[in-house]
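>>> got a sequence here, can you build the structure:
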Amino acid sequence: MKRVAKIIGFVGGAVAVIWAMRDRFISVATSREPEPPAFRAGPPPAQVESIDGIGPVFAERLTRAGLGSVGALAAASPDLVAEAAGVSAARARTWIDVAKNL
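As a prediction, the model looks like this:
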């Protein structure tokens, strides 16, 4: 009977050690798996700073108003752009025309 208890204790101890080290074995196995493929999202949208006359200050104002990309600027109304950037409506129209041509 003592022998059976020793064997059960030994097997139980071995199982406990293996169970405690399972994370180490699993992490090694998963690190060998290849990385999933990255999907190409395309180039990022052009920023409004690429337009002549829009520097960092105006770009920051337009970005805060949600007009940080050239596409958003091209779709905006001159009054909205003028109010957001703090410029005249004529200057806003010029920026919008340039953005539409880009």
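>>> surely Ala99 and Leu73 touch.
Yes: the pair Ala99 / Leu73 is scored as a contact, 4.3 Å apart, by Cβ atoms under 8 Å. The way it works is simple: take the backbone N, C-alpha and C, and place the C-beta from them, glycine included.
>>> can you give me the neighbour number for Val98?
With neighbours defined by other Cβ atoms under 10 Å, the count for Val98 comes to 18.
>>> how about it, phi and psi?
Summarising the backbone geometry of Val98 under the convention degrees, to the nearest 10, its torsions are phi -60, psi -40.
>>> tell me, what's touching Ala99 and Leu73 both at once?
Counting by Cβ atoms under 8 Å, 6 or more residues apart in numbering, the residues touching both Ala99 and Leu73 are Val48, Ile51.
>>> neighbour-wise, which of those two wins?
It is Leu73, of Ala99 and Leu73, that has more neighbours when counted by other Cβ under 10 Å, with 27 against 23.
>>> any idea which helix or strand carries that one?
helix 70-75 (DSSP states H and E).
>>> give the buried residues for that helix.
Of the residues in helix 70-75, those scored as buried under the neighbour-count criterion (16 or more other Cβ atoms under 10 Å) are Val70, Ala72, Leu73, Ala74.
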